[in-house]
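In: Need coordinates for the below:
(chains A, B, C and D)
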Protein chains: 4
Amino acid sequence: MKAGIIGSTGYAGAELIKFLSRHPKIDDILLSSVSFEGQRIEEIYPNFLNIVSGRLLKAEDVIASCDVVFAALPNGVGEPYAAACMERRIHYIDLSADFRFDEDEEIYSAWYGKPYQFPELHKNSVYGLPELNRRRMKELAAKGPVIIGNPGCYPTGASLGVFPALPMFDGGGYPVIIDAATGASGGGRELSRSFHYSECADSVSPYKVGSHRHSPEIARNIAAMAADSGVPSARIIFTPHLTPMIRGILSTIYIPLSRQWRVTQENSFMPPSGEIEEKTAEIRESYAAFYKDEPFVRVLPAGLTAAANRVRQSNYCDISVHMDINGSTLIAVTAIDNMVKGAAGQAVQNMNILFGFDETAGLQAIPMPF
Amino acid sequence: MKAGIIGSTGYAGAELIKFLSRHPKIDDILLSSVSFEGQRIEEIYPNFLNIVSGRLLKAEDVIASCDVVFAALPNGVGEPYAAACMERRIHYIDLSADFRFDEDEEIYSAWYGKPYQFPELHKNSVYGLPELNRRRMKELAAKGPVIIGNPGCYPTGASLGVFPALPMFDGGGYPVIIDAATGASGGGRELSRSFHYSECADSVSPYKVGSHRHSPEIARNIAAMAADSGVPSARIIFTPHLTPMIRGILSTIYIPLSRQWRVTQENSFMPPSGEIEEKTAEIRESYAAFYKDEPFVRVLPAGLTAAANRVRQSNYCDISVHMDINGSTLIAVTAIDNMVKGAAGQAVQNMNILFGFDETAGLQAIPMPF
Amino acid sequence: MKAGIIGSTGYAGAELIKFLSRHPKIDDILLSSVSFEGQRIEEIYPNFLNIVSGRLLKAEDVIASCDVVFAALPNGVGEPYAAACMERRIHYIDLSADFRFDEDEEIYSAWYGKPYQFPELHKNSVYGLPELNRRRMKELAAKGPVIIGNPGCYPTGASLGVFPALPMFDGGGYPVIIDAATGASGGGRELSRSFHYSECADSVSPYKVGSHRHSPEIARNIAAMAADSGVPSARIIFTPHLTPMIRGILSTIYIPLSRQWRVTQENSFMPPSGEIEEKTAEIRESYAAFYKDEPFVRVLPAGLTAAANRVRQSNYCDISVHMDINGSTLIAVTAIDNMVKGAAGQAVQNMNILFGFDETAGLQAIPMPF
Amino acid sequence: MKAGIIGSTGYAGAELIKFLSRHPKIDDILLSSVSFEGQRIEEIYPNFLNIVSGRLLKAEDVIASCDVVFAALPNGVGEPYAAACMERRIHYIDLSADFRFDEDEEIYSAWYGKPYQFPELHKNSVYGLPELNRRRMKELAAKGPVIIGNPGCYPTGASLGVFPALPMFDGGGYPVIIDAATGASGGGRELSRSFHYSECADSVSPYKVGSHRHSPEIARNIAAMAADSGVPSARIIFTPHLTPMIRGILSTIYIPLSRQWRVTQENSFMPPSGEIEEKTAEIRESYAAFYKDEPFVRVLPAGLTAAANRVRQSNYCDISVHMDINGSTLIAVTAIDNMVKGAAGQAVQNMNILFGFDETAGLQAIPMPF
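Out: Numbers count the residues shown, from 1 in each chain, chains lettered A, B, ... in the order given. Presented below is the predicted three-dimensional model:
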């Protein structure tokens, strides 16, 4: 089986190469690049020397010869390739934002500045968060070629932290707050002042406060899951921070609890009561039950807090469950590797689902904290 | 004038040495250490070689010869030194938590595990956050020797971000959330697994979620300021994170707005409206007005977001003001250097206030972002 | 087939767990620990949660049940375990320095402060640098159980950079200089001031200048290879530096060239001549030829310089070849991951050799520079 | 007194602003920039907000109004400004390479690709390394306006490490090797792949091996000092490395010793003898004597090794003195802050010398290792 990667020279593309070249079901990979066409991938990424080799082709030539196509392109350019794949009747997995909003074209165009070019494609596409849409992905794949809108990095970590809490959420009240920190690879390979070593090392700062494009994607995911669980939808507040690490997204999520899940503690002055610990254990069990069959979600036992380096280089999402000092708010902390579960790893997981492979095939890297 | 530093070999002590040895009003500094008594400070910190030199004495000998004493000791051991200073009728500035709770002994003992040893001392002490208590500090100093409880690092950054917002705060509703990130120097000189390079570099993780000792200090500061402004008090949720930077605390603070300060935007799906931008400008002006006479607080103009490296090595607290996508919540971001405004710099600022020096004396370092 | 790891809770032990638990020929792994006996490995390293699980046993119980034993212990304690393995007639791979000096007990005891406890074991042991001793390792394995002294991290990177240059080396002249930089994981899991984040981040410093224990190991390796190639032996100068990275060793190696390999350029004032470039190309080809059959050594093409992050998490040793501005000295730069080719990866490579497995089995991770 | 900074928006320019705005003899500073003319400096560097403010002017307007001019420009464009300053009879301190080679135009043009535009200016210029040329700087300043060629960052750290060793150097033998590591700020404010966080963090790599432009500057400095001490000149080998730190240059320097300074130790296999320690102490004393009157050079006592973070943010050059395991080579390690002693600080030191101010005026920052 041959896999193609369009836009293979960005970070997500390179990460796809890493996973697909070691995937037990993939025999060959074909690569394209507009900027570096004709060069070899190991000239752009010398880490691949003697391991992976390949001439960078035109996207059309990749599509014409492959059994599945991944696109790791900038936002707004992928639709024609998706159309070409549908015509060739092969699955197309898009890592940009172009197929993340399905039929909500209004939201997409408000944030990404352009309408859909091929609106009909978005009727067949599915948002590729397995923990939300695995069944729908399988159903569609049973019928024919599928377009996957691979989730954004922040929305993956945020949504997985909120889903199990929806039945406990105080729907009528305050928004869910997602305060998240990303590593610099989230900014991609493109040079910019934000990622100039001397100015981002040894510091931390939020960016696009109140206006990041991943906000509507997170809000939509929560709404979708809430609809399933019969919960009134949640507004969200999302604040991303740039931190001096290469990979990783850590999301600290504040979820106001409905009355029956709260613990009464009158103020913020006193240490948490034993009652808070008990209720937290109960909530943690709900989380563990919710994800009990998920191969890549780990609900951490009491005493552990999710940390970015404990999932680095792996497809895991770690979740730790806590409660605030006042007993009113669930604090869920999630950690993913933004390049893996937040991008390329999840794309491969989606391919595994579409083809009926073992969902962990090619994704069994063990994360090391050092 | 002679300044003494008790417990001078921890990070806060060393930072005090740096500031006091260059202070225009200080002629000499005397140092004490229990662990390294008899050695010279430049043996412990070779960075001081040829610049600052001094034998490490007993605390009593320091107190006996100085005109002002700083204590940078672990929590729970400073009271006898404070008593000795009061007896000698010299000001005593304590960087531990021991004098931060004034007459609220119940809160102190619940979190720090011991009662006050000299309760009467706490009637004369004042919490040394100049932006909150400058006037009281001056009044007390006019009457005699003063004990200053120098604020915690997190409470400084958090409180300064919340104070100007109290009149806009929705008192009956949701807590104020402070999501903060600290550099590793916040953990001090003591070795611990949390600060072992291989396990904390290239990562980020929260700790003591829902149970950090700085929670009650922040809550109390807000209550104190709120009482002054006639606002009902606020509950808080505080989550500290360890990030891979040496210095700095970045606090992202979520403050639910009262009805008249909100902007109506119906959901989290659409980009922020122009109305949000206008209201944010209005709030930003309130912040600027609130701090217009403060020498070390900078309210950033629109377009800038507070960043840890822009205050590094300085006594500044930068604040940027934003609003969430739903128009319901004020997001204030504050940045301080945890060792300066969060510890030694603020202690020197307090000394300047007590003695009537120019408040910026010895504190004019310019922060560089590289 | 069952593999045992004695001393499994240090960094090298944890890294062995990572490689062995994904090794195609290993069905099960057994772990021991003195400090944490009775606990589970995933309690010590929560990154293993849901992936690798195992109770920490006594070393004897591990040895009694395994087909091969790895020891990742402190120096000076491994000999009894080696003896026990020989008695059970199973291979024993020791990652400490205890079996690196074979019959040169005098050198070992001068640097490590104790004589051999079981001198006869050192007659059967072999220094496990495959590029030097692969044949001898196979010969011994054909006869019976083998003790492998797995190489030190620095000696691996240094030796591989020098070996191909021996025929070009100016034997009568100046020493070979190895100026090397390590990541903090080289210091292991044990806490120490050197690895306290606030004091080693954002800095670089050499340590044990002129007196590091890896000096004699490097010198001996070069002597051993030189003896094979009929070259007079080389003295060496080795200076290790601690740099703020988690993993990696970068060695910049200065090798004085014999007359016929030099290029005459009269001083250090003018840019390098074209002749230098030509001669460098010739030397690079010698290096490439020397390592042409090695699965884990990559001699980089002209234009590339070895970098630590391009081999991170992999078993590769990258080598780039340069010449100094005066045309008198070959500068070879090598990069390895100190935890992989410098420790656990090389140990697994050695196991593969002893058992006749494909030498790359279990070691096919692709390094990513981001 | 008014100081002007031409090219004030690069890192060296910004650092000059920091030092000059706090300099006791400077009343005002004027700034120029080609790229940002008309904007305010605090818009480019928000760290200056409320501290330093100034509109970015044309270079000519700065020169016309100042008493001394600093130029922090790219190489090759400064000569006309130098000419203008000479005409106005004010000192001109150039931080580029343009005035570092005095009358050696051949070397300059071979490395920087262009001839001198105003050759006569180079007869009056002086290379501004105070430890080498302080006397000449004063002599020239006594006669009229002076052009200072402020030293390169690497040449400063390298030269100061070699100077005291020249009388011990084995002139007929092997070159001096300088193996140096720089922080990322050495690459300036300009974006480039080398300084893209995700690819340079957590790694280390040499660059321009055998061909860096600072080689001839170092070689020339050593030749100049050697000529003074009657020592035959030294060839050098210089290898710079990029390390993940913001500031700092650490140079590990290998100086072959002449016969009378060597210690006989026959090979690299045994630990260093006591004789090596004694000889090292003797050499260390020579270093200390050589620099005894230098305000910014610290020769470290036995037991300490120079480290980049112990001079960070200061104008110090730390030097530690060691000997190699074979007793043949002196290893001097020097540490400077590349932006201070390696650029702006040294420029201010040079101004202090030219004007007869206390040489440490404005340069008394205390470095902190955390």
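
In: which residues touch the closest residue to chain D within the stretch 1-150 of chain A?
Out: Nearest residue of the stretch 1-150 of chain A to chain D, counting by CB to the nearest CB: A:Y11, 7.3 Å away. For glycine as for every other residue, the C-beta is placed from the backbone atoms N, C-alpha and C. Applying CB atoms under 8 Å, 6 or more residues apart in numbering or on different chains to A:Y11 gives the contacts A:S185, A:G188, A:R189, A:M339, A:A343, C:F370, D:S198.

In: downstream neighbour of the helix or strand containing A:I319 in the secondary structure list?
Out: Counting by DSSP states H and E, the element that carries A:I319 is strand A:317-323. The helix or strand immediately downstream of strand A:317-323 is strand A:329-336, counting by DSSP H and E.

In: just the helices in the stretch 51-200 of chain A please.
Out: A:59-65, A:79-88, A:105-112, A:121-124, A:130-143, A:153-162, A:197-200 (DSSP state H, counting those that start in this stretch).

In: mean confidence score for the first one?
Out: Helix A:59-65 carries an average pLDDT of 98.

In: Convert it to PDB, retaining C-alpha atoms only.
Out: Backbone C-alpha positions of helix A:59-65 (Å, rounded to 0.1, in the frame of the first residue of the first chain) are rendered in PDB as follows:
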ATOM      1  CA  ALA A  59       1.000  16.900  -5.800                       C
ATOM      2  CA  GLU A  60      -0.900  15.600  -8.800                       C
ATOM      3  CA  ASP A  61       1.700  12.900  -9.400                       C
ATOM      4  CA  VAL A  62       1.400  11.800  -5.700                       C
ATOM      5  CA  ILE A  63      -2.400  11.600  -5.900                       C
ATOM      6  CA  ALA A  64      -2.200   9.700  -9.100                       C
ATOM      7  CA  SER A  65      -0.100   6.900  -7.600                       C
END
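
In: Neighbours of the nearest residue to A:I331 once chain neighbours are set aside, how many?
Out: Excluding its sequence neighbours, the residue lying closest to A:I331 (CB to CB, 6 or more residues apart in numbering or on different chains) is A:H322, at 4.3 Å. Neighbourhood size, A:H322 [other CB atoms under 10 Å in any protein chain shown]: 24.

In: same check, this time on A:A219
Out: 28.

In: I'd say it and B:E266 touch.
Out: No - judged on CB atoms under 8 Å, A:A219 makes no contact with B:E266 at a distance of 11.6 Å.

In: circling back: would you mind measuring from the residue of the stretch 1-150 of chain A closest to chain D to A:F357?
Out: Using CB to CB, to the nearest Å, A:Y11 is found at 25 Å from A:F357.

In: now do A:D228
Out: Taking CB to CB, one finds A:D228 at 26 Å from A:F357.

In: got it, and A:R88?
Out: For A:R88, the distance to A:F357 - CB to CB - is 21 Å.

In: what's the helix or strand for A:A347?
Out: helix A:345-355.

In: domain ranges for chain A?
Out: A:2-151+A:341-355, A:154-338 (automatic domain parsing).

In: how about a markdown table for the ones you listed, with distance to C:H212 added?
Out: Shown next, in a markdown table, are those (distance: least, CB to CB, whole Å):
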| stretch | distance to C:H212 |
| --- | --- |
| domain A:2-151+A:341-355 | 29 |
| domain A:154-338 | 29 |
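
In: Need the winner for burial among those domains.
Out: domain A:154-338 (a mean of 22; mean count of other CB atoms under 10 Å in any protein chain shown).

In: what about that one, average pLDDT?
Out: Mean predicted confidence for domain A:154-338 is 95.

In: ok so, going back, given the strand holding A:I319, what are its sheet partners and their directions?
Out: According to DSSP bridges, strand A:317-323 forms sheet pairs with strand A:297-299 (parallel), strand A:329-336 (antiparallel).

In: can you tell which of the ones you listed is closest to D:A306?
Out: D:A306 lies closest, by CB to CB, to one member of the strands paired with strand A:317-323: strand A:329-336, at 38.1 Å.

In: All set now, cheers.
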